[in-house]
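Student: starting from these lines, generate the structure:
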Amino acid sequence: MGGMVPFGYQAKDRQLIIDKYEAKTIQCLFDLYERFGTVRLVKQEADRLSLKTPIRKAASGRITGGRPLSPGHIYKILGNPLYVGSIAHKKETHPGQHQAIIAKEQWNRVRDRLNAHTAKRQFTANATEPSLLAGLLYTDDNIRFVADHASKKGKRYRY
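Tutor: Numbers count the residues shown, from 1 in each chain. Predicted structure coming up:
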C-alpha cells in the first residue's frame, strides 16, 4: 500500500483502518446526497456544516488539507467503491481487506443516481475547434459555466 491514505481511513501495519471522525464525514456526504440528489446542494450543505478535507502530514513534513470539499472531491468520494470494502483496479473491483464505511445498498443507490444524472459529454478531445475552457470555469457559487456559440455566414463564434 502506498500513496495518500483515503479520506475516512488511517494506515496501520499496511492495513486500512476506519478513522471514526473522518468516517462520519463520509457517511454524512452519502446521506446528504440521498437527501438532496445533487452534488451542488451537497456542497452547499457541507460548507454550511463546515465539513473539510482531512489534514495530512507528508513524510517531507508538508501539511495539506483542512479545506472545504470541492464538488470534484465529493463526486470522487460518492463514486469510490473503497467505501463499501472493495478495491478498484484497472476498471475492475475486487473485495478489499478493509472494513466498509458505507452499506452496499446505500452505495448502489447513490452510484445509480449519480450515473442517471451524469451529463453526456458534448465535446470531444479530438474536435477540430474544441471549447478549451469548457468544464474549467465556475461561478462564485460553484456552478459550472457552459460553452456556447453562435454561427453566422459559416463561421462559429464561441463565447
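Student: can you map out the strands along this structure?
Tutor: 9-12, 15-18, 56-57, 63-64, 86-89, 92-95, 149-152, 155-158 (DSSP state E).
Student: so residue 98 touches residue 85, yeah?
Tutor: Yes: counting by CB atoms under 8 Å, residue 85 is a contact partner of residue 98 at 6.3 Å. Where C-beta positions appear, they are placed from N, C-alpha and C, glycine not excepted.
Student: so how far is residue 45 from residue 17?
Tutor: 28 Å (CB to CB, to the nearest Å).
Student: who has more neighbours, these two?
Tutor: Using other CB atoms under 10 Å as the criterion, residue 17 and residue 45 rank with residue 45 on top: 16 against 13.
Student: residues contacting the nearest residue in space to the more buried one that is not next to it in sequence?
Tutor: Nearest non-adjacent residue to residue 45, counting by CB to CB, 6 or more residues apart in numbering: residue 32, 5.3 Å away. Residue 32 makes contacts with 41, 42, 45, 46, as judged by CB atoms under 8 Å, 6 or more residues apart in numbering.
Student: please apply the same query to residue 16.
Tutor: Residue 16 touches 1, 5, 6, 9, 10, 96, 97, 98, counting by CB under 8 Å, 6+ apart.
Student: output the longest helix belonging to the chain as CSV, nothing but the C-alphas.
Tutor: Counting by DSSP state H, the longest helix found in the chain is helix 20-36. Once non-C-alpha atoms are left out, helix 20-36 reads as follows in CSV (Å, rounded to 0.1, in the frame of the first residue of the first chain):
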residue,chain,number,x,y,z
LYS,A,20,-14.2,7.2,13.2
TYR,A,21,-14.2,11.0,12.9
GLU,A,22,-13.5,11.1,9.1
ALA,A,23,-15.9,8.2,8.5
LYS,A,24,-18.7,10.4,10.0
THR,A,25,-17.9,12.9,7.3
ILE,A,26,-18.0,10.3,4.5
GLN,A,27,-21.4,8.9,5.9
CYS,A,28,-22.7,12.4,6.1
LEU,A,29,-21.9,13.1,2.4
PHE,A,30,-23.7,9.9,1.3
ASP,A,31,-26.7,10.8,3.5
LEU,A,32,-26.7,14.4,2.1
TYR,A,33,-26.6,13.1,-1.5
GLU,A,34,-29.5,10.8,-0.9
ARG,A,35,-31.4,13.7,0.7
PHE,A,36,-30.6,16.4,-1.9
